[in-house]
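> For reference, the sequence and a predicted model appear below.
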Amino acid sequence: EAQVTQNPRYLITVTGKKLTVTCSQNMNHEYMSWYRQDPGLGLRQIYYSMNVEVTDKGDVPEGYKVSRKEKRNFPLILESPSPNQTSLYFCASSDGLAGGPSITGELFFGEGSRLTVL
Amino acid sequence: AQSVTQPDIHITVSEGASLELRCNYSYGATPYLFWYVQSPGQGLQLLLKYFSGDTLVQGIKGFEAEFKRSQSSFNLRKPSVHWSDAAEYFCAVLGGSEKLVFGKGTKLTVNP
């Protein structure tokens, strides 16, 4: 089954304690992205990656790091979490958002990771 | 940079009634446009997309959307809403780079 898997799904942590949210996709997609969702703000992109070893900042990258060492994995790292990073996080992947007829343009989303930073 | 506006934060309709969710975008050239749906506790799922060609696009679950360049709009429609359509709906625009920008969403409530 084609899927994007995020872990953990729920996490409560304290300020300053480093954490990693993992994301893995089994569709051989080149494009992967992280979003955070906050009430009234919709989805905002944190980082994205167009291929292995290629990452770029989205709209709200401050306080986050990512890496893309393998095609299937795209972990999100919070080196020193703060309460304003309390949010619902989504990882997504795609075979490409635009391009030729073989590109679906569809983003496949994980089920989300709800993070609370105390 | 591209942007998306969904003017309605919350819409309530009766089951069986027609539905139209509004989306306006800002982008200099012809954009790629998408509608996604998020059911409670779930990730987002693609409903439909517009890349080029016919400006009326059909999607899953009986939804359709019409691209109107003159109005910079991509409104989502459904002729008869079902209770299972209650969800949050997001319009998104892709312009230029591989960066998808989402609107803030419209929450749909369906009354029996």
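Great, that's in hand. The structure displayed is predicted, hence computed values, not measured ones.

> When you work out contacts or count neighbours from here on, use the C-alpha atoms and nothing else.
OK.

> Just give the number of residues close to the closest residue to residue A:85 other than its chain neighbours.
Closest residue to residue A:85 apart from its sequence neighbours, by C-alpha to C-alpha, 6 or more residues apart in numbering or on different chains: residue A:117 at 6.8 Å. Counted with other C-alpha atoms under 10 Å in any protein chain shown, residues neighbouring residue A:117 total 17.

> May I ask you to confirm that residue A:117 is in contact with residue A:78?
No: counting by C-alpha atoms under 8 Å, residue A:117 sits too far from residue A:78 to count as a contact (10.8 Å).

> ok, residues contacting stretch B:37-53?
Contacts to stretch B:37-53, defined as C-alpha atoms under 8 Å, 6 or more residues apart in numbering or on different chains, come from residues A:90, A:106-112, B:31-36, B:57-61, B:63-65, B:67, B:86-90.

> same question, stretch B:62-71
With contacts defined as C-alpha under 8 Å, 6+ apart, stretch B:62-71 is touched by B:24, B:47-48, B:50, B:55-59, B:73-78.

> Which of these has the largest number of neighbours?
Highest neighbour count within the contacts of stretch B:62-71: residue B:74, with 28 neighbours (other C-alpha under 10 Å).

> Going by secondary structure, it is in what exactly?
strand B:73-78 (DSSP states H and E).

> Equivalent analysis for residue B:47, please.
Counting by DSSP H and E, residue B:47 is found in strand B:44-50.

> Determine the angle, from 0 to 180 degrees, between that strand and strand B:73-78.
120 degrees (axes from the mean of the first three to the mean of the last three C-alpha atoms, to 10 degrees).

> mind listing what residue B:6 touches?
B:21, B:22, B:23, B:24, B:91, B:103, B:104, B:105, B:106.

> From chain A, how far off is the last one?
With the distance defined as C-alpha to the nearest C-alpha, to the nearest Å, residue B:106 ends up 9 Å from chain A.

> beta partners for that residue?
As for beta bridges, residue B:106 partners with residue B:89 under DSSP bridges.
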